[in-house]
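Engineer: just coords:
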């Protein structure tokens, strides 16, 4: 009977998908997502900093780009004690100076609530001098990861020469931005900050260190800071991994334009098979997306970093051959069969060129006297499977050491590739099953492909990074990689040492370090939902109000935003902390439900308003990005995913299906459905076969964005030198 029930449900889902396709002209009325593909919403507030006398007003304006919906929600940190702001951005200062005197104005995009703009307001009792100027020295700085720099501020026009230091607008900085003291002493982060490349991916960017005059907060000075990862350096002697590298022939010459375009990625880790050591990375890093030849030179650094100046990059003679290409998965041949299910290649080490201990830059369990993490080897052996919420790290060419969390497992997805380094080659798509998704587009950027993802607490190998979007990174489970490479009969394992914590994930340290680490793993912003949608949820709730309040643990039933599908409404159940959720439905008349736990909620009853629901939300437990899930729940989710993934992947706009935890109902598993921003898709059911669904929108998964494709550098060359430099001789 159960097998028959599953089959019938699957048939109904197929029919629903077909019906949606046939009625595509009606999708806009059915709640389809739409927008501009590859665009990332940005919010800017004007003015960004201002002094306001108590009891007076100031108009703020918000500019929202890359979306047709330019509406924002205005808030003031700290609430009414710090003044109030209207829905149009008119701020009214309090009648007395608050403590502290600075408050923050926040404009949150209603299209994408993760995107905000801020302004800093200083409340004063009288006017401030208007001729104050601030100059920061040095005005530009290139700082190695985890290193330090002293900034000074020169203030003129006031006897008060005090300043407040900010990094990217955040007072004192943070672990991922670096910390700055009240005296201007800056400690750089180990990671390189990233920004959208405008095409749905992420690229390295700069930071801004700002000094704000305490006499007049409208007066500021700033310095542009570039974080330089040690992973890009040319190494001498035995090279350590997690470093810039690639195929020594990975360049394209344009004779007409007199340019050479070259690529590179990350030499990820060291493997051993049959007593021989190999460097592990991706096919599209070492084997040029199937176009390389066995025996090709694998060089360090990659051609993108080879050469003394920007004009001499792409110089193969400036790189050292450290290995030779030995084996790779043929990606295009696997695009239909996907039997190997990995994007991997190995290169046999040239004797005397690679650290035989398998050390990876910045991956150690200790730091040197300057606070810089030492290199460290992963835990030797076969690695471990990814689990939801597992804290992970990677050390890669472009963004250095970054740290994040596994958000979804057993992910089926499709990834785009290009056969040419300059992007002009043939494109093809490869389908993958049971992959690992790591949250955060800033976990990697172009050039980090091939990095080994390890667990933060034990440095056990978890996945091989190969693709991503502007909000996620995707990796091949190491079990699949090793199984393929061991298929010839000789077991393949990771070269390394013992278990250790990756200390770089807790560095640099500073007063905001603990808060920054907590925010990284817990922060989930409540999205904005249209009032009409909240009303629709209220109608569904009111029809069954008495029954919904029947559960003893339920203190109130309200309406608010769903966290599993941002933009959709939810019927909210406010329940006693620790009580059973049994009996609370996953949906009511097609409306998602959300469970908020707390001790004693101020607003109670069967039909509380959206405003009262928001009050209760603030008193409840803060939502987490991912929750621990029991083995039974995971097993239930795997069954639903296996049954429906292929059908869901056929839907327009869907690029991945995996297993994760529900945010609307802590403790429950959910089917994660990855959708492409800007591509219309059919409404995602709140529940499939009794399992909640969770929707995650991002740019297209590509071997070229979000840390996937080898980074490109285009170098102009004289017409007489347009031929590419000869590849280094093979070393055996």
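Structural biologist: The structure has been received and is ready for your questions. These figures come from a predicted structure and were not determined experimentally.
Engineer: now residue 546: phi and psi?
Structural biologist: The phi/psi pair for residue 546 (degrees, to the nearest 10) reads phi -60, psi -40.
Engineer: excluding chain neighbours, what is closest to it?
Structural biologist: With sequence-adjacent residues excluded and distances taken as Cβ to Cβ, 6 or more residues apart in numbering, residue 546 is closest to residue 606, at 6.7 Å. C-beta: built from backbone N, CA, C; applies to glycine.
Engineer: my guess is the one you found meets residue 547, correct?
Structural biologist: No. Assessed by Cβ atoms under 8 Å, residue 606 is found out of contact with residue 547, at 9.4 Å.
Engineer: the two: who's more crowded?
Structural biologist: Using other Cβ atoms under 10 Å as the criterion, residue 606 and residue 547 rank with residue 606 on top: 17 against 12.
Engineer: on that earlier part again, which residues touch the residue nearest to residue 546?
Structural biologist: 545, 546, 548, 549, 556, 557 (Cβ atoms under 8 Å, 6 or more residues apart in numbering).
Engineer: can you tell me which of these is closest to residue 256?
Structural biologist: residue 557 (68.6 Å; Cβ to Cβ).
Engineer: what sits opposite that closest one in the beta ladder?
Structural biologist: residue 573 (DSSP bridges).
Engineer: same deal with residue 120?
Structural biologist: residue 49, residue 104.
Engineer: got the domain ranges for this protein?
Structural biologist: According to automatic domain parsing, the chain comprises the domains 232-520+705-712, 531-619.
Engineer: just name the most buried of those domains.
Structural biologist: domain 232-520+705-712 (a mean of 22; mean count of other Cβ atoms under 10 Å).
Engineer: just flag the most distant two among the contacts of residue 606.
Structural biologist: 546 and 556 (13.7 Å).
Engineer: just how off-centre is stretch 542-557 within its chain?
Structural biologist: Relative to its chain's centre, stretch 542-557 lies at 38 Å (Cα atoms, centre = their mean, to the nearest Å).
Engineer: pLDDT of it, averaged?
Structural biologist: If you average the pLDDT over stretch 542-557, you get 94.
Engineer: end-to-end on that stretch?
Structural biologist: The first residue of stretch 542-557 is 10 Å away from its last residue (Cα to Cα, to the nearest Å).
Engineer: elements contacting the strand ranked longest in the chain?
Structural biologist: Taking DSSP state E as the criterion, the chain has its longest strand at strand 400-418. On a contact count with 3 or more Cβ pairs under 8 Å, 6 or more residues apart in numbering; DSSP states H and E, strand 400-418 meets strand 391-396, strand 427-439, strand 461-468, strand 472-477, helix 513-522, helix 631-649, strand 654-661, strand 669-676.
Engineer: and it with strand 461-468, angle?
Structural biologist: 50 degrees (axes from the mean of the first three to the mean of the last three Cα atoms, to 10 degrees).
Engineer: helices of the stretch 301-450 of the chain, start to end?
Structural biologist: 334-337 (DSSP state H, counting those that start in this stretch).
Engineer: pLDDT at residue 388, what is it?
Structural biologist: pLDDT at residue 388 comes out at 98.
Engineer: let me fix that: residue 660
Structural biologist: 98.
Engineer: same thing with the one 5 residues further on?
Structural biologist: pLDDT, the model's per-residue confidence, is 97 for residue 665.
Engineer: identify the residue spatially nearest to it, adjacent ones excluded.
Structural biologist: That would be residue 595: by Cβ to Cβ, 6+ apart, it lies 4.9 Å from residue 665.
Engineer: summarise which helices and strands whichever strand or helix holds the one you found is packed against.
Structural biologist: Here residue 595, judged by DSSP states H and E, is contained in strand 591-598. Counting contacts by 3+ Cβ pairs under 8 Å, 6+ apart, strand 591-598 is packed against helix 531-543, strand 554-561, strand 569-576, helix 610-619.
Engineer: buried ones in whichever strand or helix holds residue 149?
Structural biologist: Residue 149 belongs to strand 148-150 when assigned by DSSP H and E. Residues of strand 148-150 classed as buried by neighbour count (16 or more other Cβ atoms under 10 Å): residue 149.
Engineer: next helix or strand past that strand?
Structural biologist: strand 152-156.
Engineer: poorly predicted segments of the stretch 601-732 of the chain, please.
Structural biologist: 704-732 (pLDDT under 70).
Engineer: could you rerun that using 50?
Structural biologist: 705-709, 711, 719-732 (pLDDT under 50).
Engineer: and for the chain?
Structural biologist: Those would be 1-38, 336-338, 512-522, 705-709, 711, 719-732, if you go by pLDDT under 50 across the chain.
Engineer: residue 300 and residue 240 touch, don't they?
Structural biologist: No. With contact defined as Cβ under 8 Å, residue 300 does not reach residue 240; the gap is 9.7 Å.
Engineer: residue contacts, the residue sitting nearest the centre point of the chain?
Structural biologist: The centroid of the chain falls nearest to residue 440 when counting by Cα atoms, centre = their mean (1.2 Å). Contacts for residue 440 (Cβ under 8 Å, 6+ apart) come out as 402, 404, 405, 471, 472, 473.
Engineer: do that again at 7 Å, thanks
Structural biologist: Residues near residue 440 by Cβ atoms under 7 Å, 6 or more residues apart in numbering: residue 404.
Engineer: can you pull the phi and psi angles for it?
Structural biologist: phi 100, psi 110.
Engineer: so it versus residue 468, what's the distance?
Structural biologist: Distance of residue 440 to residue 468, given as Cβ to Cβ, to the nearest Å: 9 Å.
Engineer: same question, residue 626
Structural biologist: Residue 626 is 17 Å from residue 468, by Cβ to Cβ.
Engineer: can you check residue 100 too?
Structural biologist: 39 Å.
Engineer: repeat for residue 645
Structural biologist: Distance from residue 645 to residue 468, by Cβ to Cβ: 20 Å.
Engineer: equivalent analysis for residue 210, please.
Structural biologist: From residue 210 to residue 468 the distance is 31 Å (Cβ to Cβ).
Engineer: just residue 628 next, same as before
Structural biologist: 24 Å.
Engineer: for residue 452, what are its contacts?
Structural biologist: The neighbours of residue 452, taking Cβ under 7 Å, 6+ apart as the test, are 268, 269, 360, 378, 394, 461, 464.
Engineer: of all the residues you listed, which two lie farthest apart?
Structural biologist: Pairwise over those, using Cβ to Cβ, the maximum falls at 360 and 464, 13.0 Å.
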